[in-house]
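Chemist: below are the sequence and a predicted model for it; my questions follow.
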Amino acid sequence: MSQMSEKKTIPDIYTSESKESAVKLAIESDQPIAQTAKDLGINPNTLHTWISKYSKPKRAEERTDEHLYDELRRLKKELARVTQERDLLKNRLHRTSLAQMRETRAIVKSGVWRVKRPLDLELRFV
């Protein structure tokens, strides 16, 4: 029991350099962090804490990712705008075509247009 109380009262003190080297080893190693911690003789939770505290922030990667998300957002907005414009033009074309077809039918029925040959129309003034 005296050993347990000794362990609690006399903590192992690690320098920041040793913590940083442990973090580097854990990050660059192919083995799990728990195994690296066991090999170093420290608690895995301690190593995880050190990793969150001492690992260098990956700012360049975050910015790259954020830039990609911004680009994706911009492209989605542009796609929505272009799709809306396309649908609007299709709708206008469809309405114009229907109106022209109705107008042509009305003119043909009224006798203003006379068909000489198929697909060859002649305008006759009344």
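Modeler: Looks like it came in fine. Numbering: from 1, shown residues only.
Chemist: what about residue 21, which helix or strand?
Modeler: Residue 21 is located in helix 16-28, with elements delineated by DSSP states H and E.
Chemist: which helix or strand lies directly C-terminal to that helix?
Modeler: With secondary structure assigned by DSSP H and E, helix 16-28 is succeeded by helix 33-40.
Chemist: next SSE downstream of that following helix?
Modeler: That would be, after helix 33-40 and using DSSP H and E, helix 44-54.
Chemist: rounded mean pLDDT for that next one, please.
Modeler: Averaged over helix 44-54, pLDDT sits at 87.
Chemist: residues contacting that helix, please?
Modeler: With CB atoms under 8 Å, 6 or more residues apart in numbering as the contact definition, helix 44-54 has outside contacts at 16, 19-20, 22-23, 26-27, 33-34, 36-38, 40. For the C-beta atoms, the positions are set from N, CA and C on the backbone; glycine is no exception.
Chemist: buried only: go through the residues you listed for me.
Modeler: By neighbour count, with 16 or more other CB atoms under 10 Å, the contacts of helix 44-54 hold 19, 20, 22, 23, 26, 33, 36, 37, 40 as buried.
Chemist: any weak-confidence spans in the chain?
Modeler: Applying pLDDT under 70 to the chain picks out residues 1-12, 57-64, 108, 111-126.
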